[in-house]
Structure formats: structure tokens, C-alpha cells
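In: please find the sequence and the predicted model below.
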Amino acid sequence: MRPNTATDCWGMWADNDFAAYSSENLVDWTLENPSVLPSHARPRGTYFRPKVLHAPQNEAHERFVLWGNYVNMSLGGTSGFYFSAVSARPQGPYTIKHWNISMGSRWAKNGDFAVFVDHQHGALIDRAYIAYHGYGCPQWPNTPGTPCEGPDGYHAVDLLSKDYTRSSLQTSGLFDIRGSEAPVMFKRNGTYFVVTATGCGFCPQGSDARPWSARTPLGPYSNSGVDLNPCRNQSIPNCGMIKHGVNGTNSIHVIPAQQAFVLQLPKVHNAPEQWIWAGDSWESTPDHLKSHDFQLWAPLQFGEDGMPLPLKDVASFEVEL
């Protein structure tokens with residue numbers, strides 16, 4: 001809840017919390033729980049990127065699984081890792097299930113992530129996956145092929161355990177080794193997508209959004225070569241990579257936000273499929289509270305080849321629910 005200032009917009013503080021809201025129309029929202037993971041039930045540190053999965057196969061008191069990222073700020077903010085917590089209700093409260101979860105890529109530090117449930121027709125238990133970003137050198141630094149000398153960051157996808165609370169350590173291996181972050185994962189018409197973003201770090205100008213695709217959730221993943229959120233002015237070098245951008249509105253991306261998630265809405269009557277791309281508009285709130293920064297939503301559309309199309313900056317749009 002700390003304010004942004006001219007010299008500090010980072011938001012990595014030890015008093016961060018998770019809150020749960022509900023909505024029936026994606027416009028009006030009700031606060032269900034202001035503290036999903038009570039402070040007395042967790043170590044002190046920075047918590048961010050919360051994601052919740054429904055696990056109907058679990059025991060009643062563990063039907064909902066919360067994944068989050070934790071950074072121990074007493075270690076200088078260098079110890080990011082994942083934890084899972086469980087609850088009988090989506091709004092919690094949650095209790096920690098696993099702490100400092102080992103990942104299949106074996107990199108020591110974990111950053112942004114997304115979780116995804118692959119609903120397979122006829123399957124007794126749906127499989128779930130985590131697409132995640134890592135940084136620093138992996139725990140196997142002497143293994144050939146690891147990008148310790150390249151950009152500080154990579155992406156991978158792991159299969160989760162049957163109860164969705166930890167990694168099975170089965171992994172796609174590394175891809176998009178360019179210092180990117182903020183992945184999202186979804187499936188459309190049998191193709192799996194992981195969309196990765198520029199390493200933006202609470203930047204106000206937004207980030208790119210580059211889809212990688214595969215025929216199976218553990219890959220191999222191929223770069224589409226498309227940027228869903230390109231710069232308004234393609235002639236500006238390294239658009240969006242410099243803190244606070246370059247002078248002028250053309251220096252920002254089409255949508256000045258760093259991607260947060262992709263949402264497929266349930267099909268209604270004879271309406272066409274409906275997809276939403278959402279991004280965090282950092283440093284956007286007039287009161288300068290990090291917890292009040294806005295999100296920007298845009299329709300996500302697909303071409304005849306099945307690949308996502310670049311986003312359009314629209315003032316408003318309608319969906320059917």
C-alpha cells in the first residue's frame with residue numbers, strides 16, 4: 001500500500017497482501033476477502049503474482065490452490081521462489097501447503113509465472129501446468145547449454161502434481177532466453193500458447209507480448225515472430241526498454257501496460273468466441289498507491305492461421321455473459 005514517488009515506484013515491500021474480489025459481469029466487483037493469505041500465517045516478505053486453481057479432485061479443504069511468488073526482502077530481494085497454499089473456498093483464507101517449490105528447470109531464482117489447467121475430454125483428472133520466468137544462474141551452472149552468459153532470464157513450462165500444489169519436475173526446457181518476464185499461458189483449438197513480455201519492472205510505458213506456440217503443453221515451443229503489443233512508432237529503437245520511456249507518446253506500446261493474463265469467456269448462445277488480453281498499467285493511479293494501479297483490457301483476436309493478432313487500442317468494447 002506504499003505510494004509511488006518520483007524516485008520509487010518499485011512496489012517490492014514487505015507489507016504486500018492479496019485480496020479477493022468477485023463479479024458477475026466483469027464491471028461491478030465485490031470485495032470478498034481483504035487478506036487472502038493472513039500475515040500471521042506466512043513469513044514476512046514480498047508476495048506477488050497470485051494465481052488460483054480449482055482442484056475438484058482434492059480433499060474438500062484443499063479444493064482451491066493459490067500459487068504465489070515470495071521474495072525475502074531481508075536478503076536484498078534476491079531470493080524469489082514459489083509457494084502454494086490451499087483453501088476450501090476461492091476467497092480463502094489460505095494456508096501454506098508447500099514452500100520454496102523446486103522447479104524442473106532447476107534455476108535458483110524464480111520470477112513471474114502463470115498457471116493453466118488443460119481440460120481434456122474424458123480425462124479423470126485434468127492436468128495443470130505452470131509457465132514461469134527465472135533469472136540468475138541455474139543450480140546446474142556447469143551444464144552445457146544453460147544460458148548463464150546470456151540475458152538474465154528465460155521461460156519454461158512444468159507439469160504440476162496431480163493435486164496442483166507443486167511441480168512434477170517434468171519440464172519443457174528453456175525457451176525465450178532474452179531477459180523477458182510476465183508470461184501467460186492458454187490453449188486454443190489444440191494449440192498451446194505461452195506469451196512472454198519485455199522485462200518491464202513496474203514500467204509505465206508497457207511491454208511487448210510475444211506468443212510462443214506448441215502442439216503439446218511441454219513443447220517444444222516455437223517463436224511466432226509476432227508482437228501483440230508493438231510500439232506505436234516502430235522507428236524508435238528499444239521502445240519500452242528504457243525506464244519511463246522516450247519523450248513523446250509514440251515511445252510507448254499500443255497498449256501502455258505489461259501483460260497480466262489472457263481470459264477466455266464462456267461461449268454464450270450463438271455468440272463468437274470471446275478472448276480478453278489484460279495488462280497492468282503501472283504508475284497509472286492518481287493517488288500514487290501501487291495497489292490502486294489500473295488494468296487495461298483489450299479484445300484478443302486470432303487470424304486464419306490460428307495465431308493471435310496484434311492488439312488494438314480501443315476506448316471500450318462489449319462482451320456477452
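Out: Done, it's in. Because the structure is a prediction, the values reported are computed rather than measured.
In: tell me which element Val319 falls in.
Out: Using DSSP states H and E, Val319 maps to neither a helix nor a strand.
In: what's near enough to touch the closest residue to it other than its chain neighbours?
Out: Take Val319 and drop its neighbours on the chain: the residue closest to it by CB to CB, 6 or more residues apart in numbering is Gln274, 5.1 Å away. C-beta: built from backbone N, CA, C; applies to glycine. Counting by CB atoms under 8 Å, 6 or more residues apart in numbering, Gln274 makes contact with 264-265, 267, 299, 319-320.
In: same check on Tyr70?
Out: By CB under 8 Å, 6+ apart, Tyr70 lies in contact with 43, 45-47, 80-83.
In: distance from the helix or strand hosting it to the middle of the chain?
Out: Counting by DSSP H and E, the element that carries Tyr70 is strand 64-71. Centre-to-centre, strand 64-71 and its host chain are 12 Å apart (CA atoms, centre = their mean, to the nearest Å).
In: just the CA trace of it, in CSV.
Out: The C-alpha trace of strand 64-71 is given here as CSV (Å, rounded to 0.1, in the frame of the first residue of the first chain):
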residue,chain,number,x,y,z
PHE,A,64,-8.7,-24.3,-4.3
VAL,A,65,-4.9,-23.9,-4.7
LEU,A,66,-3.2,-20.5,-4.5
TRP,A,67,0.2,-20.1,-6.2
GLY,A,68,2.3,-17.0,-5.5
ASN,A,69,5.8,-15.6,-5.7
TYR,A,70,7.7,-14.8,-2.5
VAL,A,71,10.8,-12.6,-2.1
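In: in its sheet, what does it sit against?
Out: Sheet pairing for strand 64-71, assigned by DSSP bridges, gives strand 46-54 (antiparallel), strand 81-87 (antiparallel).
In: Pro230: which of these is closest?
Out: Smallest distance to Pro230 across the strands paired with strand 64-71 (CB to CB): 24.5 Å, for strand 46-54.
In: and the contacts of that closest one?
Out: By CB under 8 Å, 6+ apart, the residues outside strand 46-54 that reach it are 11-14, 16-18, 36-37, 63-71, 73, 77, 90, 112-115, 117, 128, 164.
In: centre of the chain to it, how far?
Out: For strand 46-54, the distance to the chain centre is 9 Å (CA atoms, centre = their mean).
In: now do stretch 100-117
Out: With CA atoms, centre = their mean as the basis, stretch 100-117 stands 12 Å off its chain's centre.
In: bridging residues for the residue nearest to Val319?
Out: Bridge pairing for Gln274 - DSSP bridges - gives Leu265.
In: in the lowest-mean-pLDDT helix or strand in the chain, what counts as buried?
Out: When each helix and strand of the chain is scored by mean pLDDT, DSSP states H and E, strand 127-138 comes last, with a mean of 86. The neighbour-count check on strand 127-138 (16 or more other CB atoms under 10 Å) flags 127-136, 138 as buried.
In: can you redo those residues as a markdown table with distance to Thr30?
Out: Output for the buried residues of strand 127-138, formatted as a markdown table (distance: CB to CB, whole Å):
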| residue | distance to Thr30 |
| --- | --- |
| Arg127 | 32 |
| Ala128 | 27 |
| Tyr129 | 30 |
| Ile130 | 29 |
| Ala131 | 30 |
| Tyr132 | 31 |
| His133 | 32 |
| Gly134 | 36 |
| Tyr135 | 36 |
| Gly136 | 40 |
| Pro138 | 43 |
